[in-house]
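# what's the 3D shape of this:
(chains A and B)
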Number of protein chains: 2
Amino acid sequence: MGESIYGMKRTHRCAELGLENVGETVTLMGWTQRRRDLGGLIFVWLRDRSGIIQVVFDSSSNKELFEKASGIRSEYVLAVVGEVAKRAPEAVNSKLKTGEIEVLAKELRILSTAETPPFSIEEDSDVNEVLKLKYRYLDLRRPDMQRNFILRHKVAKVARDYFDEKGFLEIETPMLTKSTPEGARDYLVPSRVHPGKFFALPQSPQLFKQLLMVSGFDRYIQIVKCFRDEDLRADRQPEFTQIDLEMSFVNVDDVIEVNEGFIKRLFKQVLGIELETPFLRMPYREAMDRFGSDKPDIRFGMELVNVSDIVKDCDFKVFTDAVANGGSVRAINAKGCGDKFSRKDIDKLVDFVKTYKAKGMAWITVGENDIKSSLTKFFTPEKMKALLERMEAEPGDLICLVADKNEIVYDALGQLRLELARKLDLLNKDEFKFLWVTEFPLYEYDEEEKRWVAKHHPFTSPMDEDIPLLDTDPGKVRAKAYDIVLNGVELGGGSIRIHDQDLQSKMFELLGFTKEQAWERFGFLLEAFKYGTPPHGGMAYGLDRLVMLMAGTSNIRDVIAFPKVQNSSCLMTNAPDFVDDRQLEELHIKTDIKG
Amino acid sequence: MGESIYGMKRTHRCAELGLENVGETVTLMGWTQRRRDLGGLIFVWLRDRSGIIQVVFDSSSNKELFEKASGIRSEYVLAVVGEVAKRAPEAVNSKLKTGEIEVLAKELRILSTAETPPFSIEEDSDVNEVLKLKYRYLDLRRPDMQRNFILRHKVAKVARDYFDEKGFLEIETPMLTKSTPEGARDYLVPSRVHPGKFFALPQSPQLFKQLLMVSGFDRYIQIVKCFRDEDLRADRQPEFTQIDLEMSFVNVDDVIEVNEGFIKRLFKQVLGIELETPFLRMPYREAMDRFGSDKPDIRFGMELVNVSDIVKDCDFKVFTDAVANGGSVRAINAKGCGDKFSRKDIDKLVDFVKTYKAKGMAWITVGENDIKSSLTKFFTPEKMKALLERMEAEPGDLICLVADKNEIVYDALGQLRLELARKLDLLNKDEFKFLWVTEFPLYEYDEEEKRWVAKHHPFTSPMDEDIPLLDTDPGKVRAKAYDIVLNGVELGGGSIRIHDQDLQSKMFELLGFTKEQAWERFGFLLEAFKYGTPPHGGMAYGLDRLVMLMAGTSNIRDVIAFPKVQNSSCLMTNAPDFVDDRQLEELHIKTDIKG
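As a prediction, this is how the structure comes out:
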C-alpha cells in the first residue's frame, strides 16, 4: 500500500523551479521518469505535468533515505522534500528546462509503486497504436500528448472568453432529442417510459439554436458534443465536438467579421501567431475553377486553367467529346517537374488521377527546344502554341491535362495539385493560410435519388438576388453560406438561415418533402416561425479538427482524450459491450444476438 | 415575406440607450412588446434581450412611415432607425430602464410579422406550464427567463475562469461509453457496428476523471452532461449538467479550500454577495444528531435533542421500547408555538411526521404555570422537569417528540423542523448559508439486498484511522467524503479516492463483487492503478440546482432551456418518438410496439 501525503503540501510543480529558487526547501510530487545510480548517489528524474527535475539522494548525508530511494522504479509516484541547488557547470543538462538545478532530497515518500508499463513514457514514442489506446491512461502521460490537451483546453477557453466579450451566451441544448436532418445516421436511445419510442443524440444543435434566436437570446454559443453514426474515416469520430454559434439581426459580413476576430485572437493567444485579417474571401465558383476544390489550400499556386476553348476542335476525341458533352478540359502547370519527373513518375500521377475517377491524364513536358507529349499528333502547332501560352509554360515544366465531366475534372486536378505539392514539399506546416469560401450552391442534384438535396442544410437562406431562380433553375441558386478553410482543411461553416415560414416551406417542397413530412419532422420550427422571427445566421467549427491543426498533428485521436477506433469501439473500456437481458426488457427491445 | 436588413447595422440593444445618447441616430432591432395609438402618434415598445424602449411614429412628420407603423402588431420583429430624444418630464416612465428617453422613428422595416402568440410575453406570467413548454421558444422570450439563462451563462463562465486560474484543465470525456456504477439505471445506445452490443451514456465521468489523474493531468474540470434513466422528481431531469472536478496530490482540506474559493468568487461576481469563508464544517454524525439531516438548513436553529437517557425508564412503552431496541427518543423545541398552534395545528404536525414513517408524535405545550401533554401520566414530575430543562423550555413553547429507530427519528424530526420553519417563515431567501458535511459513513447497509453498499461510490477512500475497522465493523468506517450544502440543499459532493489497487479490490469484495465481476466492470481502472497512481480526489456540483438556487426559483425547468417533463418527454419536439423500421434493423434491435 502506498504512503499517504498526510501533513504534506506540494509547493511547486517540478519544472516551475529555476535558479531563482536555489536554497529553498520545496515539496514536489510526481512520477519517476528514471533512476540512475552513480557511486553513493541516486539520481531520480521526477516528472509531472510541467516537466522534469532531477532529485538527488546522497548516501553520505542520509543513509536511510538513500536505502529507500534505491527501491524506486520507473513510474513510481513520489513525494519529495528537498533543497533546490545549483548544479556544477559541468553537470548542467541543457535538454531539461530545469537543467541548471537539482533538488537535494531530505524526505521521500513512495505514494504508489508501479509495475513496468507496457511501453515507456517518452516524447513522441513510436508505439503500436492498439497498445497505446488500450493503455490510454499511460499514453496520455507522454509530454507531447499532455501538450495537446493543454492546447485544447486553451482553445476552448479563448473561444469562451472571446464570444462572451462579444455578447454571446452559452446555452445548453438537449442531448436526448429528436433527429436533426443533417443527412447522417442517428444514434438512437430507447425510451423506457415510452415503449417503442426513441430519443436521438443530436447531429448538431441546429434547430435548437435557431429556436433560441426566435426566443430573442440574440447571440448564442455552445461548445457541444455531436453524434453521427457513420463509418469512420481517419479524421472522423462517432462523437465530436463543435464550437456552435448563432446570431440574430446579422448578414454574412457580420458573421464573418466576428469569426475572423475569434480566429485572430485564438492564434495570437494560443500559438503566438499574428494573422492578417480580413481573410481572403472566394466564391465557391472561383474556388472550384482555380483550385478544383471548395476548400483550397492556398499556401501555393499551381492553379487549374480551363483550356476547353483551345482544345474543343482538336483531333483528340477524348477532349472534344468532354467539351461537347458539357464537360471541360483543364490543366495545371507543375512548374519545373518536366525535368524532375521520370516517365515512371508521370505514370504514377496518371494512376493517381484515376483513383479520383478520371479516365486518364494527358501531359506535356516542356524542353528547351521541344516538347514531349502524346498529344502532339492531335494538335496543330498553332493550337499547341496557344495551349502552352495559356499555361504560361516554360522549359522544364510539366503540363497535366484532364478531360471529363466538370466534377471529375475538378476533383482529379484538385487532388493532383495537392499530391504534387506534397511531392514538391510546398506545404509549410508553420504557415496558416485562411480563407472564406462563400456563395455555395443552395442545392446539389442527387443522381441516385434523382432529386435536389440541400448542399448545406434545409434552413440555409438563398441569396436575395437568386430567389427568383428557385422556381426556374434551382441548380443556379447560390446560398448565403460560407466555410472557413485553413490550409486545405474545412474548419467550419455556416449560413444565414431562412427566417420566413413561407420560404422555409418552399425549401422543403423543393427538397421533395410533402407538407405532412415537413411538419412531422420540423413542425415545431415552422410553428415557431409564425410568432416573429429575427433574421439570423451562424457558424459551427469542428473543434477536434481545429485543435489537430493547431497542434500540428494529423491524427485526430491525438487530441481526443478517450477516442474510438475505426470500428467505433473503445479499446480501453471495451465499449460498446453486451448488457443484462433485464436492461433490455426494461427498454422494451430485443436483440437476436446473444452475449 | 419579411423585409431584409440589407444595408442596415444595429447600433445598440434597446436598453443600452440612455440620456447620454440623446440626439444620436440609432438603429435598433427587436420585438414589438405593444403598440399604442394616441391621436396622430403611435407608440411602440420595442424589446430585445437588454430590455424595452419606446419608439414614436409621428403622423405629422412622416405620413407614410406612420401608415406602415399602424400595421405593427404584438411580437412583430422590427428594425427601426431613429433619433434618441429626451421625454418631457410628465412623460417619463419610471418602470422602464429607458423611461427618460424615446426614439423618434425615421425608418421602419418589418422584418417578420407574427400571429397572436398563445400567451403574452410578460414578466412572471402565470401561464399553464404545459402550454409554456409546448411553446418553449415563446416562454423563453419572457424577461425573467432571459435573466435565468444570462445568469446560468455567467455561472459557467466564472467556474471556467476560476478553475483555469487555479490550473485546472478542461478535458472532455466520452458520451458513448460503458456504464459507470452510480447505482442508477443507464441510458443505452445500440451499436450498429457491433450487433447486440450497447454503449451507455455516462451517469458521471467518474472513472475517466480518475484515469486522467493516473495520466498526470493533475487538475481536471469539465462542465458536462450526465444521464440517469430514473423516474423524475420535481428537481430531476434525465439529462443534467455537472461541474466536475478532480485533483491529484490532495487531501480533503485542499479540495475544500479550492472549492470555497470558487463559491466565494461565484457569489461575488454573479450576485454581488460577499460570503464569509471558510464555511462551517460538520461531521455527518453531528449533522444527523443536531438537524436530523445530512444536508441541514442552518439558517435557523430548532435543533434536535436526544432525550433517550431521560425517558428510557418512564412508563410510556413507545419510548422505552424505542430505546431498548437500539433506537432513540428525540425532540425539538418549537419556540413560541405552544401559544400559536391550536390543537388542530398540532394534529397536522402529527400527520406530517407520519408521512416520514414515524408512528406518531408526542408533544408538550408549555404554559406560564402548567404544561399540556399526553405524556404527563407516564412521567414522574422529576422526569418531566428534567425533560423540560433539557429542552430549555419556556412558557409558550411546543416540544415535539418522536421515538423510533434512529433513521426514522432523524428523518421525521429533521423534516418537521423544516416544516415548522416554513410555517414560522424562518427561511430567508436572500440568506445563503453554506456548510460542508464531512466524514460520511463509507457504507450503508441495504436491508433489501442484505449487504453493504457504498454510500458515496465504491472509489471513495476510507479515513486512514478507520481502515482497521473495514474487517471488523464496516458500518463504523468513515469516508474521506464531503458534501457542500446550501440552505438545506446538497449542491455537490465528492471524496478523496482510493488510489491503491489492493484497497480498491478489498472495497469491491466488501461490496459483494466477486473478483471476476469487479474486473469485468472496472478492470481498466484496476489495471491502471498498477502503473503508478497519485493520491487524488474531487468534487461534482449539480449545475442546474446551483443555478436554480442562485436564480431564486424552485423549478429546475426554469434554468434548463429545453427541459423534459415528468414522463421524460419534451413537449416541444415530441421526443422521444417512433422511428423507421429501417433504422431499427440497422441497429439489430426489435421492439414489439408498433408506431
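
# now the residue in the stretch 401-550 of chain A positioned nearest to chain B, nearest residue through space, not along the chain?
Nearest residue of the stretch 401-550 of chain A to chain B: A:Gly532, at 3.6 Å (CB to the nearest CB). Bear in mind the C-beta positions are built from the backbone N, C-alpha and C, glycine included. Closest residue to A:Gly532 in three dimensions, ignoring its sequence neighbours and counting by CB to CB, 6 or more residues apart in numbering or on different chains: B:Ala114, at 3.6 Å.

# touching, the one you found and B:Val77? I think so.
Yes: counting by CB atoms under 8 Å, B:Ala114 touches B:Val77, with 7.3 Å between them.

# which neighbours do those two share?
Residues touching both B:Ala114 and B:Val77 by CB atoms under 8 Å, 6 or more residues apart in numbering or on different chains: A:Gly532, B:Thr32.

# these two - which one has more neighbours?
Neighbours per residue, other CB atoms under 10 Å in any protein chain shown: of B:Ala114 and B:Val77, the larger number sits with B:Val77, 28 against 19.

# that one is in contact with B:Arg109, isn't it?
No: counting by CB under 8 Å, B:Val77 stays clear of B:Arg109, with 9.3 Å between them.

# can you give me the pLDDT of A:Met1?
For A:Met1, the model assigns a pLDDT of 59.

# cool, and A:Arg233?
For A:Arg233, the pLDDT comes out at 69.

# picking that back up, count of residues packed around the residue of the stretch 401-550 of chain A closest to chain B?
Residues near A:Gly532, counting by other CB under 10 Å: 28.

# got the contact list for it?
A:Val214, B:Trp31, B:Thr32, B:Glu75, B:Tyr76, B:Val77, B:Ser112, B:Thr113, B:Ala114.

# so what are the sheet partners of the longest strand anywhere in chain A and their directions?
When chain A is scanned for its longest strand (criterion: DSSP state E), the result is strand A:25-38. Here strand A:25-38 is paired, per DSSP bridges, with strand A:41-48 (antiparallel), strand A:77-86 (antiparallel).

# may I see these arranged in TSV, with mean pLDDT as well?
TSV is the format used below for these (pLDDT from 0 to 100):
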stretch	mean pLDDT
strand A:41-48	98
strand A:77-86	98
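
# these: which one's closest to A:Pro462?
Minimum separation from A:Pro462 across these (CB to CB) falls at strand A:41-48, 55.6 Å.

# identify each buried residue in the helix or strand following that closest one, please.
Reading on from strand A:41-48 to the C-terminus, the next helix or strand found by DSSP states H and E is strand A:51-58. For strand A:51-58, a neighbour-count test (16 or more other CB atoms under 10 Å in any protein chain shown) marks A:Gly51, A:Ile52, A:Ile53, A:Gln54, A:Val55, A:Val56, A:Phe57, A:Asp58 as buried.

# of all residues in the stretch 101-250 of chain A, which one is closest to chain B?
For the stretch 101-250 of chain A, CB to the nearest CB, closest residue to chain B: A:Gly196, 2.8 Å.

# next, count neighbours for that residue.
So A:Gly196, with other CB under 10 Å, has 19 neighbours.

# before we move on, back to that, tell me the pLDDT of the residue of the stretch 401-550 of chain A closest to chain B.
For A:Gly532, pLDDT reads 96.

# B:Asp48 versus that one, what's the distance?
As for A:Gly532, its distance to B:Asp48 is 12 Å (criterion: CB to CB, to the nearest Å).

# same question, A:His456
According to CB to CB, A:His456 stands 28 Å off from B:Asp48.

# the more surrounded of the two?
With neighbours defined as other CB under 10 Å, A:His456 and B:Asp48 compare such that B:Asp48 has more, 25 against 21.

# those helices in the stretch 101-250 of chain A, which residues are they?
Using DSSP state H, counting those that start in this stretch, the helices of the stretch 101-250 of chain A run over A:129-134, A:136-139, A:143-165, A:206-214.

# can I get stretch A:66-78 in CSV, CA atoms only?
What follows is stretch A:66-78, C-alpha atoms only, in CSV (Å, rounded to 0.1, in the frame of the first residue of the first chain):
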residue,chain,number,x,y,z
PHE,A,66,19.3,6.5,0.3
GLU,A,67,18.3,2.9,1.0
LYS,A,68,14.6,3.9,0.5
ALA,A,69,15.4,5.7,-2.8
SER,A,70,17.2,2.6,-4.1
GLY,A,71,13.8,0.9,-4.2
ILE,A,72,12.4,3.5,-6.7
ARG,A,73,11.5,2.1,-10.1
SER,A,74,10.1,3.8,-13.3
GLU,A,75,6.7,5.4,-12.9
TYR,A,76,6.6,5.1,-9.1
VAL,A,77,4.8,8.1,-7.7
LEU,A,78,6.9,10.0,-5.2
